[in-house]
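Chemist: no FASTA, just this:
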């Protein structure tokens, strides 16, 4: 009779004498392994495969955490009254009518644009493909503006892909895992986007401020031709974002007397804190080939 | 009937739950305060069942947390392994401590983990630090009695 009361204690004793590497050795191995991983990933992207395979275990958790908000949304949809649905329907139909009239001339304008560019011997980038992705209600890192969406590399999403919503540029794909992908918003402090002022084509860079409703334009001199209310659109420089999408509206311009650059802030046009649907964009990487010059352009 | 993996399901389940808490959607102000639930859970299990939850478990779950939060690979793994090492070294003494003193210890554990994360973040690219980066350390300490009570209940529930 040894006097052990529970099986647990026997186990504890058994494990007390269990052979194996000492705790110090284990720590050393763990520290070395994580340092190796840190260095390997910082230097190159060779560990993407490992991350992708581990994410198969982890990503279901993100969907699980997202589930309550999906259920709440569905529940609120199912209990909405006939009257609200009718009102919403009418509103949408009106909106559709307005949009359709706006679109009527778009095709003609686009063709005209291609013809004019042909005159200038310039190539034209045509239409982008989009994939609608839904935001997962998860919160990975509080002090960085990174969101998770439910479309990943299985849908062909790749890093640095531009992401839009109905009102403007949202950000770019930061990392694509098989089932989800992480998107860095344009307001992230580490994000910068090349923009131009729609009014006069002035080029600059808009940098994230860390606040969801604020972008900063730190590289414009105090005498730059820019004023509150100016729309900033993507300039297409840098190659990440397709040209011509609205990014932000300038809301404050402060010339600083002693400093070389002005203090300019802008508000993103995209509804960064309210949207659940985002569009991931495939821009046509090969421009439409030059159309043959129209007969009027040649004089001989 | 007893094997090495007795009660392992509960441990895994509690850590998975902690991971869910780690990424739960919160308003931005509260998200700043969301403590590192995974580390708190690991600390509890390493103090309560040091023969089951060791450094390699901590390291593995750290790696999974890296994937979960989209951080550079290995930083949570490193932080968790170090913290759990200290817990394992001191677990006999810590078990005797009252909850208040344990809380103080947990505070330093969380601080150490956050310091390591900050150090690695800084190596990556020097960034200016917002004070809110350190808030999870304090909220984590406040949450410790809760974690302790809940997990103690989970651990002892099926004993008899």
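Modeler: Cool, the structure landed. None of these values were measured; they are calculated from a predicted model.

Chemist: List the buried residues for whichever helix or strand residue A:51 is part of?
Modeler: Secondary structure assignment for residue A:51, by DSSP states H and E: helix A:48-78. Of all the residues in helix A:48-78, those buried under the rule 16 or more other Cβ atoms under 10 Å in any protein chain shown are A:48, A:51, A:52, A:54, A:55, A:58, A:59, A:61, A:62, A:65, A:66. Glycine gets a C-beta too; all of them are placed from N, C-alpha and C.

Chemist: and if you look at stretch A:148-164?
Modeler: Those would be A:148, A:149, A:150, A:151, A:152, A:153, A:157, A:161, A:162, A:163, A:164, for stretch A:148-164 by 16+ other Cβ under 10 Å.

Chemist: what's the span of that stretch from first residue to last?
Modeler: Length of stretch A:148-164, first residue to last, Cα to Cα, to the nearest Å: 14 Å.

Chemist: How about residues contacting that stretch?
Modeler: For stretch A:148-164, the external contacting residues (Cβ atoms under 8 Å, 6 or more residues apart in numbering or on different chains) are A:52, A:59, A:62-63, A:66, A:130-131, A:133-136, A:138, A:140, A:169-183, A:240-242, A:245, A:270, A:278-283.

Chemist: Of those, which fall within the contact range of chain B?
Modeler: By Cβ under 8 Å from any Cβ of the partner chain, the members of those lying near chain B are A:62, A:66, A:138, A:140, A:174, A:175, A:182.

Chemist: Among these, name the ones in helices.
Modeler: Judged by DSSP state H, these include A:62, A:66 as members of helices.

Chemist: Could you dump the ones next to chain B among the contacts of stretch A:148-164 into TSV with pLDDT and distance to residue B:15 added?
Modeler: Listed next are those as TSV, based on pLDDT from 0 to 100; distance: Cβ to Cβ, whole Å:
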residue	pLDDT	distance to residue B:15
A:62	89	16
A:66	88	20
A:138	82	17
A:140	78	17
A:174	90	26
A:175	88	24
A:182	91	22
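
Chemist: Can you tell me the centre-most residue of chain B?
Modeler: residue B:39 (0.8 Å; Cα atoms, centre = their mean).

Chemist: gap between the strand or helix carrying it and the chain center?
Modeler: Assessed by DSSP H and E, residue B:39 sits inside helix B:37-48. Taking Cα atoms, centre = their mean, to the nearest Å, one finds helix B:37-48 lying 5 Å from the centre of the chain it belongs to.

Chemist: try stretch A:268-282
Modeler: Using Cα atoms, centre = their mean, the offset of stretch A:268-282 from its chain centre is 8 Å.

Chemist: now swap in stretch A:199-210 and tell me
Modeler: With Cα atoms, centre = their mean as the basis, stretch A:199-210 stands 17 Å off its chain's centre.

Chemist: tell me the contacts of the residue of chain B found nearest chain A?
Modeler: The minimum distance from chain B to chain A, using Cβ to the nearest Cβ, falls at residue B:74 (3.3 Å). With contact taken as Cβ under 8 Å, 6+ apart, residue B:74 is in contact with A:33, A:34, A:35, A:36, A:37, A:38, A:41, B:62, B:63, B:66.

Chemist: sorry, back to before: does anything pack onto the helix holding residue A:51? Which helices or strands?
Modeler: Helices and strands touching helix A:48-78, as assessed by 3 or more Cβ pairs under 8 Å, 6 or more residues apart in numbering or on different chains; DSSP states H and E, comprise strand A:129-136, helix B:8-22, helix B:55-69.

Chemist: relative to strand A:129-136, how tilted is that helix?
Modeler: Interaxial angle, helix A:48-78 versus strand A:129-136 (axes from the mean of the first three to the mean of the last three Cα atoms, to 10 degrees): 80 degrees.
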